[in-house]
Each structure stands twice: as structure tokens, then as C-alpha cells.
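Undergrad: Compute the structure for the input listed below.
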Amino acid sequence: MGASTAFVAMAALFWGLSGGIGGILMADGWDPFVVSFYRGAIGLLCVLAWLMLRPQGSGLGNRRLWFWSAVAGLGVAGNFSFYFLSIANGSVAVAATLMYCAPVFVYLVSFALKLERPTTLKWAAIAVVMVGIALLTQIYDISGSGLTAIGVGAGLLSGLSYAIFIFGFKYAAPHGSPQAILCIAFAVLAVILIWPGDAGQMVVALSTPDWPWFVALGVLGAGLSFVLYIIGVNHTAPAVASIVAMVEPVTASLFGVVVLSESLVAMQVLGMALILVTVTALSVHSRAARPPSHLTDN
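TA: Numbering: from 1, shown residues only. Okay, the predicted model is just below:
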């Protein structure tokens with residue numbers, strides 16, 4: 001149990017670091033879509049290796065596995081690209097915290113599809129998260145906050161995209177192995193992100209002096225992290241996994257402040273705290289009410 005919890009914590013730590021690494025690359029002039037493409041493409045190589053080592057029960061002959069894995073791929077493509085677009089137009093801390101709102105989008109979609117029963121407690125939690133978002137993004141003074149509407153919107157869309165990934169992965173899981181699902185999802189991501197990415201940068205990235213950053217981003221942010229999380233979450237108590245997942249936005253925020261010299265005012269810190277505490281409590285409450293499933297938090 002202790003090792004499994006450590007795996008989940010390491011995965012969250014690597015996801016948090018990936019935001020900072022992406023920030024470094026974009027500060028050097030790299031296009032957010034190019035950064036997202038290589039994060040997913042290198043991650044694909046990692047999960048392909050995992051699939052070759054553990055090919056049993058892959059389910060690759062199942063059409064439903066391919067369909068829902070492709071849906072998960074659409075979600076992860078949007079998650080990566082909107083996340084880095086938000087960082088490029090805002091800050092790592094804000095982008096990571098907005099992405100952490102993904103469970104709220106899962107609830108809203110579940111309410112709409114009647115998969116989840118809305119309660120007063122859940123609506124109150126969602127309202128608190130909305131207040132936290134308003135404080136974090138300083139939406140009441142967007143022109144003076146140093147953020148942009150694109151940065152805020154992209155951050156929220158990254159959370160929504162992650163919610164799509166969660167649903168896709170959840171419905172694909174009964175039909176095959178996690179490594180097979182991730183292989184298909186990352187392959188779909190790579191195909192999708194070739195189109196919006198800068199073609200010149202796509203080629204130059206293969207021989208750039210920044211290649212160690214790209215490799216670190218792909219291995220930590222999409223390859224090793226997903227493997228560790230899936231292995232760890234299967235043997236970790238749901239409440240513990242939800243709380244440990246807070247390591248990601250906290251790590252990303254600290255990286256932004258310490259390494260990238262970003263700053264947060266007191267009201268933004270308060271907004272961040274409201275979001276992190278409320279979303280974590282919401283996830284703990286939800287997971288305590290039903291058996292845990294793969295990748296329900298990040």
C-alpha cells in the first residue's frame with residue numbers, strides 16, 4: 001500500500017513538473033501545439049514499450065476498445081494543448097489549478113447524462129470552486145491581473161478535455177488493458193496535433209539543443225507518469241489517491257513561482273486554496289461512494 005501511494009504521488013509530481021518544463025520550452029519560443037505533440041509522441045513510445053512487455057489481455061481486436069480509446073485520445077489531445085496554451089497566455093500556477101477543476105466538469109456532464117444524482121452538497125462544492133476560479137483568475141480585473149481571456153479559457157478547456165479523457169478511458173477499460181488504451185489514445189493525439197502545430201518547429205525539434213527538455217517532458221509528463229499512476233491507483237485507497245493528486249497543481253505552482261519567476265497575489269492564493277481543497281473533498285466523497293476506477297483524478 002505504501003509503495004502504491006508513492007507511485008501515485010510520483011505520477012502527480014511528474015505531471016506537475018511537466019507544466020514547468022512546458023513553460024521553459026514555450027519561453028524559448030516553442031509553439032504550445034509542438035510541445036503538446038512531443039509530450040504525447042514520446043509518451044506513446046513509453047506506453048508501447050509497456051504494451052510489448054505486458055501484451056496479455058490487450059483487447060486490441062475489440063471495436064469498442066478502439067472507439068472509446070479514440071475518444072480518450074481526443075480528450076488528452078485537448079488537455080495537453082489547452083494546458084500549454086493556457087501557460088503561454090497566463091502562468092503555470094493558474095493553468096495547473098484550472099485544469100485541476102476536471103472533476104467538476106465530470107460531475108456536470110454526469111448530471112446532464114443522469115449518471116450522477118445531484119445533491120445540495122455537490123452543487124455547493126461546485127459553487128465554491130466557481131468562486132475560487134473567479135479569485136484565482138481575477139476575472140473581475142482581467143486587464144490588470146496579467147492574465148488573458150485566452151489563458152483563462154484555455155485553462156478551463158484543459159479541465160473539460162481531461163474530463164472527456166476520463167469518460168473515454170472509463171468506458172474503454174472493460175474491453176482491454178490500460179496500456180493498450182493509452183497506446184491508441186496517444187496515437188490519436190499525435191495524429192490530431194500534427195495539423196495545428198508549426199510544421200517547421202516539428203522538424204527542427206528533432207535536432208534542437210532543447211531536445212533533453214522534450215524527452216523529459218514526454219517521459220515524465222506522459223509516459224512514466226501514466227504507468228506509475230495506473231499501477232499505483234489500483235492498490236491505493238480512493239481518499240488517499242484523491243488527496244495525493246494535489247501534489248500536481250502544488251508542484252506546478254511552486255515551479256512557476258520559483259523557477260519561472262511567476263507571482264501570485266493573496267486573493268489568487270486564496271482562490272487556489274478554495275479550488276484544491278474543494279475539488280479534493282468532492283473527489284474523496286465521490287470515490288468513497290463507489291468502487292475506484294482508473295484515472296478518475298489527476
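Undergrad: these two touch, right, residue 159 and residue 102?
TA: Yes: using C-beta atoms under 8 Å, residue 159 is in contact with residue 102, at 4.3 Å. Every C-beta, even on glycine, is put in place using the N, C-alpha and C of the backbone.
Undergrad: ok now whatever helix or strand residue 39 lives in, how far from the chain's centre?
TA: Using DSSP states H and E, residue 39 sits in helix 32-53. With C-alpha atoms, centre = their mean, to the nearest Å as the basis, helix 32-53 stands 14 Å off its chain's centre.
Undergrad: what's the answer for stretch 71-86, then?
TA: Per C-alpha atoms, centre = their mean, the centroid offset for stretch 71-86 relative to its chain is 8 Å.
Undergrad: which parts of it are buried?
TA: Neighbour-count burial for stretch 71-86, counted by 16 or more other C-beta atoms under 10 Å, picks out 71-86.
Undergrad: Which secondary structure state does the nearest residue to residue 111 once chain neighbours are set aside sit in?
TA: Leaving aside its chain neighbours, residue 111 sits nearest to residue 118 (5.0 Å; criterion: C-beta to C-beta, 6 or more residues apart in numbering). Following DSSP: H, G, I helix; E, B strand; the rest coil, the label given to residue 118 is coil.
Undergrad: what about residue 118, how many neighbours?
TA: 13 (other C-beta atoms under 10 Å).
Undergrad: Show me which residues of the helix or strand encompassing residue 284 are buried.
TA: Following DSSP H and E, one finds residue 284 within helix 266-288. Buried positions in helix 266-288, judged by neighbour count with 16+ other C-beta under 10 Å: 268, 271-272, 274-276, 278-287.
Undergrad: same check, this time on stretch 228-245
TA: 228-233, 236-245.
Undergrad: Residue 115: what secondary structure?
TA: The assignment at residue 115 comes out as coil when based on three-state DSSP.
Undergrad: do residue 197 as well
TA: On the three-state scheme (three-state DSSP), residue 197 is labelled coil.
Undergrad: Any regions of the stretch 101-250 of the chain where pLDDT drops low?
TA: 139-147, 238-239 (pLDDT under 70).
Undergrad: Could I get the full set of helices for it?
TA: Remark: helices assigned in the stretch 101-250 of the chain by DSSP state H, counting those that start in this stretch are 102-112, 120-137, 149-172, 178-194, 199-204, 211-218, 224-233, 238-244, 247-258.
Undergrad: Report the angle between the third one and helix 178-194.
TA: Orientation check (axes from the mean of the first three to the mean of the last three C-alpha atoms, to 10 degrees): helix 149-172 against helix 178-194 gives 150 degrees.
Undergrad: Same check on the second one?
TA: Taking the same axes, to 10 degrees, helix 120-137 and helix 178-194 form an angle of 40 degrees between their directions.
Undergrad: Need the contact partners of helix 120-137.
TA: Contacts to helix 120-137, defined as C-beta atoms under 8 Å, 6 or more residues apart in numbering, come from residues 94, 97-98, 101, 104, 107-108, 116, 139-140, 145, 147, 152, 155-156, 267-268, 270-275, 278-279, 281-282, 285.
Undergrad: hmm, back to that, please report the distance of the residue nearest to residue 111 from residue 126.
TA: Relative to residue 126, residue 118 is positioned 9 Å away (C-beta to C-beta, to the nearest Å).
Undergrad: Tell me how many other residues crowd the residue lying closest to residue 230 once chain neighbours are set aside.
TA: Leaving aside its sequence neighbours, residue 230 sits nearest to residue 178 (C-beta to C-beta, 6+ apart; 4.8 Å). Neighbourhood size, residue 178 [other C-beta under 10 Å]: 23.
Undergrad: Does residue 178 touch residue 232 like I think?
TA: No: with contact taken as C-beta under 8 Å, residue 178 and residue 232 are classed as non-touching, separated by 12.0 Å.
Undergrad: pLDDT value on residue 27, please?
TA: With respect to pLDDT, residue 27 scores 93.
Undergrad: and it, what are its phi and psi?
TA: phi -70, psi -20 (degrees, to the nearest 10).
Undergrad: Distance check, it against residue 210.
TA: Noted for residue 27: a distance of 11 Å to residue 210, by C-beta to C-beta.
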